[in-house]
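Q: What follows is a protein structure lacking sequence information:
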């Protein structure tokens, strides 16, 4: 009774569609899966049965113990965490302030300033690396997390301002006018009325700001390559370069870098897509 | 959507407007715009070791584009970069568009799960991705051979990353594997904005789902496709991490995987016996800037203007 | 052209049933309107006929063929959407030609059909424009044109007028009626507006909560509603309802007590065991008049007075708190908080049982009957 009215072509089409999607999902996930399962195996297990799950015989945490003993993994992690979180907070605050001013106030050069601030969306900040290094050296900030934060804030601002400006245009003007009629000051309107309203866009901006920073290799390599100021990406790169033949350690270190990002991603993927599809980015 | 534009006269709130704009503008100018401009300035100077900076006009450019060694290296990395870009345009973006099209089919189950899973590699660090694939493709481990064996293609396996003829293509495909998520996400979001009624109307008009995609959806998301293309271009001509992680600054074997990013790094910091040279580094960066600028201007004036955005 | 037959059509989304077995016959060339409040399932039913939704159970026949599993393009239907759904990147011409091109008609045949439709709809001058350059009414006509060129067996309209302003809506309504006369095609039309249903339909299907409440001509529904829902839905302003008490039943007559205590004898066939029950009495505002002259008389205090010029609507509060609307002549001088009496002929009344079913009316003066 139920199946009678389902078109046969629909069913075969659904089968093909799911086959394609499953195949690509496998292509996307299997390499990651492979690295993670082998990180939990003994050296013998890694080479004798690379594609099977760890079992009682092959299970081993030796890779992780080696990584934690030989490298300053916790410190690198802490460095990345500090840089990322501080940068996100500064970018969100400064970008929403600027976006608010650009979208709300009529002043001479408004459009030009918006364009000026948008240049950085298309022009990669890396191209200025020679001068950035000079600047950081002059400021005495070489090998500090501060140097990374300053550069990353500059890198994150253009896209954040762009997205937030688009979003702020959509705030109903009645809200602002109601506040003004009540005699609320301009600063207070921003902090008490506007900031809480842009929360949905903030999630999207935070993700877009976070991913490139957390994953960056270039600036840690140039501005803070030593002195225990390495970020996780650079730390892994240096560690693997050093222990390239120790498969347990290499796989374990890669897993340690992958897993936190995957967990964060699974938590925030909804917000990311919602932000994209709600028209915050067009 | 049409904005009404800023509404409030700033003269009523000079101090707040200044206070809102100043911090972002200052940091952005100091750490982004100033370095970009200063880099271009530096490309007209030379810094002999221990000596004073001296203005040399276009000498650095003459060196890089005229000196036989330098120009061979430069054009090698440029054409490698073009190949790298071509693979992304021909493989990454079509796959991303196709997957986005499939994901936007009506009444598809597990849509969100597929999407979340397929975008996952995009979230990982390029360095990590480089290492993952280096391990999988390593003949020492042999897992790549095992996977091909499942499909009976064992004989095709080779040390692709190590061979001069295949290393760049292999790295391009690794990069494609990672970045498919970007066209997928952006085009999927654009497809979602197309009203269901339009699709229904086309179905009633007799279109198959494929024809709906070809005649209705694709033309309506062309502006997004163009935007994805220029993002791909900028990203590719700015790439560095993957090659550096897998092949090091020398971009071996025999510079066959050298692209603009690795050339810039080597010129700036030096390698092996050659000393780093900030001025020549700035020159390479300025040339990269010109290439990217040419691409962006082409997009803005030749592509974007011709593509009408339709009010949906 | 073809007839359309729905046999026990059911639709559920998972565990939620939205259509509970719909039966309907639409004759060749008939103009059928599905009307009902939003969420009643009328649009889902239209999308099922179009083939845009699967059928959970039952059979759908177009021109005698069961089309349950046929795709929309093989059903010989064309649809006009509420949002018009014009392809924004195509010109008016291409919008209309799209379906024909997909069906591989040759160029000259396509051109001829498109121009013919454009002539009928007065779109000749607009063929090279894009939808964004058209007014709402013009877009509407293009949407209809896109349906016409396909020469379908059945036209489907999904609330086509709801995006137009009031004046244009009346004008387009008349055009659609003329179009139907000209094309003599079978039309299924969905709307939530009972005025559109009354003015356009040969046959109205009133739907409520996934069921068909009643099928009939506009005048049948107006004069002989079979349920309280239909009675309240058709007609503007809506029919008045109040609770009355059944005192006695005799041969084709029922005696009831109306709010305020007055008695009335009404011509309904009420079973004897309903005596003593409370039932629902319905009278249309236009069938009430001020004064005591009628078989049925009811009094109430005037709450609100609305003067429309040609007539005046008085809103009465009855003794039991129910509200009654009376249409009085435009020159009426009655003021708020006056107590007035409204009366109607027995034949104009309707009586509904506790389940909302109408009791059969035994005598019905021609004035209150759909029979011609």
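A: Structure received. Because the structure is predicted, anything quoted here is derived from the model rather than measured.
Q: residue contacts, the most centrally placed residue in chain A?
A: Geometric centre of chain A, nearest residue: residue A:211, 1.4 Å, by CA atoms, centre = their mean. Neighbour list for residue A:211: residue B:123 [criterion: CB atoms under 8 Å, 6 or more residues apart in numbering or on different chains]. To be clear about C-beta, it is placed using only N, CA and C from the backbone, and glycine gets the same treatment.
Q: would you say it is within a helix?
A: Yes - with DSSP: H, G, I helix; E, B strand; the rest coil as the criterion, residue A:211 is assigned to a helix.
Q: For residue B:117, see how far away it is.
A: 17 Å (CB to CB, to the nearest Å).
Q: How many residues are close by residue 127?
A: Chain wasn't specified; assuming chain A. Neighbour count for residue A:127, taken as other CB atoms under 10 Å in any protein chain shown: 26.
Q: my question was about chain C
A: For residue C:127, the neighbour count with other CB under 10 Å is 18.
Q: Which per-residue confidence value corresponds to the closest residue in space to it that isn't next to it in sequence?
A: With sequence-adjacent residues excluded and distances taken as CB to CB, 6 or more residues apart in numbering or on different chains, residue C:127 is closest to residue C:93, at 4.3 Å. Note for residue C:93: predicted pLDDT of 96.
Q: element containing residue C:93?
A: helix C:92-102 (DSSP states H and E).
Q: cool, and residue A:129?
A: helix A:129-138.
Q: can you check residue B:307 too?
A: Residue B:307 belongs to no helix or strand, assigned by DSSP H and E.
Q: Can you name the next helix or strand after the helix holding residue C:93?
A: Helix C:92-102 is succeeded, C-terminally, by helix C:107-120 (DSSP H and E).
Q: so, in contact with chain B or not, that following helix?
A: No - counting by CB under 8 Å from any CB of the partner chain, chain B has no neighbours in helix C:107-120; the shortest distance is 12.8 Å.
Q: Identify each buried residue in that helix, please.
A: C:110, C:113-115, C:117-118, C:120 (16 or more other CB atoms under 10 Å in any protein chain shown).
Q: got it, and stretch A:219-229?
A: A:219-224, A:229.
Q: how about the residues of chain C near chain B?
A: C:47, C:50-52, C:71-73, C:77-79, C:81-83, C:85-89, C:98-99, C:102-103, C:132, C:146, C:150.
Q: Using neighbour counts, trim those residues to the buried set.
A: C:47, C:50-52, C:71-73, C:77-79, C:81-83, C:85-89, C:98-99, C:102, C:146, C:150.
Q: From residue C:153, how far out is the residue nearest to residue A:246 when sequence neighbours are not counted?
A: Nearest non-adjacent residue to residue A:246, counting by CB to CB, 6+ apart: residue A:66, 6.8 Å away. Here residue A:66 is placed at a distance of 75 Å from residue C:153 (CB to CB).
Q: so what's residue C:73 up against?
A: B:203-207, C:102-103.
Q: Out of these, which is nearest to chain A?
A: Taking CB to the nearest CB as the measure, residue B:203 is the one of the contacts of residue C:73 closest to chain A, at 12.2 Å.
Q: picking up where we left off before, got TSV for the buried residues of helix C:107-120, with distance to residue B:187 too?
A: Formatted as TSV, the buried residues of helix C:107-120 follow (distance: CB to CB, whole Å):
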residue	distance to residue B:187
C:110	31
C:113	35
C:114	32
C:115	37
C:117	35
C:118	35
C:120	40
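Q: Would you mind naming the helix or strand containing residue 117?
A: All of this is about chain A. helix A:110-122.
Q: my question was about chain B
A: Using DSSP H and E, residue B:117 falls in helix B:111-123.
Q: For whichever residue of chain A sits closest to chain B, give its distance to residue B:33.
A: Minimum separation of chain A from chain B (CB to the nearest CB) falls at residue A:128, amounting to 3.0 Å. In this view, residue A:128 and residue B:33 are 8 Å apart by CB to CB.
Q: who has more neighbours, those two?
A: residue A:128 (27 against 19).
Q: The stretch 101-250 of chain C: helices as residue ranges?
A: C:107-120, C:136-148, C:166-183, C:194-200, C:218-223, C:228-233 (DSSP state H, counting those that start in this stretch).
Q: pLDDT score assigned to residue B:1?
A: 37.
Q: One more: residue C:248?
A: With respect to pLDDT, residue C:248 has a value of 92.
Q: So it versus chain B, what's the distance?
A: Separation of residue C:248 from chain B (CB to the nearest CB, to the nearest Å): 57 Å.
Q: sorry, back to before: might you report the residue contacts of the residue of chain A closest to chain B?
A: B:32, B:34-36, B:38-39, B:285.
Q: From these, pick the one nearest residue C:266.
A: Among the contacts of residue A:128, residue B:32 lies closest to residue C:266 (CB to CB), at 86.2 Å.
Q: Which secondary structure element is home to the residue lying closest to that closest one once chain neighbours are set aside?
A: For residue B:32, ignoring the flanking residues on the chain, the nearest one in space by CB to CB, 6+ apart is residue A:154 at 4.2 Å. For residue A:154, the host element (DSSP H and E) is helix A:145-169.
Q: just checking, what packs against the helix or strand following that helix?
A: Downstream of helix A:145-169, the first helix or strand assigned by DSSP H and E is helix A:173-181. Contacting helix A:173-181 under the criterion 3 or more CB pairs under 8 Å, 6 or more residues apart in numbering or on different chains; DSSP states H and E is no other helix or strand.
Q: neighbouring contacts of the helix or strand following helix A:173-181?
A: Downstream of helix A:173-181, the first helix or strand assigned by DSSP H and E is helix A:186-188. Contacts of helix A:186-188 from elsewhere in the structure, counted by CB under 8 Å, 6+ apart, are A:179, B:13, B:16, B:19.
Q: for stretch C:131-144, same thing?
A: With CB under 8 Å, 6+ apart, stretch C:131-144 has contacts from B:310-311, C:80-81, C:84-88, C:90, C:92, C:95-96, C:121-123, C:126, C:160-161, C:163-165, C:168, C:171-172, C:175-176, C:179.
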